[in-house]
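[1] Sequence plus predicted model, see below.
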Amino acid sequence: MLRYCKNGHSAKRGYKCPVCGEKLFNGCPQCQKVWDDCLCPGWSLNHFVFARPQVWWLLQNGLTFPESIEGYTDKVQTSRGHSAPFESTGCIISEIDWRLKQCGKDGRILKHDAKYFERYQDLANELKQVLNYCSGWKRKEPYSRWLAHKKEKK
């Protein structure tokens, strides 16, 4: 997971920013709060890291990016890597949709009902597990195996 300094630089490892030397933290690079306390209305593409509040925000918006947020329009803008801005948004949406499909019935329920909940903390435990599965950078093992492994740890 990427960590951010108060100047918005990111790094994958370490405790100090390699650019400015500031302390790195795990959390929202815009408001500089931990993810659970973040109340940002949206994130630009270069700050989208599949954190739980970001995935929840996308689900509440019906898996579409609002045009009022920087990075989601056809205007000239920066994007991740060597891809066009519309391609980056399409990749993020399709990845979350793929992860939801891996969750079967619970994934379909979460996708449909997310807009009716204000906070993801109010979800039933089964739907929280689906949200946790959809969050995070790397793809996980199949949902049923991932869920069984989580239950074994408890």
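    Structure received.
[2] in the helix or strand where L131 lies, what's buried?
    Following DSSP states H and E, one finds L131 within helix 125-134. Within helix 125-134, the residues that count as buried by 16 or more other CB atoms under 10 Å are 127, 129-134. Placement of C-beta: from N, CA and C, glycine included.
[3] Show me which of the residues you listed is closest to F48.
    C134 (13.3 Å; CB to CB).
[4] Quick one: list the elements packing against the helix holding L131.
    Secondary-structure packing of helix 125-134 (3 or more CB pairs under 8 Å, 6 or more residues apart in numbering; DSSP states H and E): helix 52-60, helix 85-102, helix 105-113, helix 143-153.
[5] what angle do the first one and helix 105-113 make?
    With axes from the mean of the first three to the mean of the last three CA atoms, to 10 degrees defining the directions, helix 52-60 sits at 70 degrees from helix 105-113.
[6] tilt between helix 52-60 and helix 125-134?
    Using the same axes, to 10 degrees: helix 52-60 against helix 125-134 is 110 degrees.
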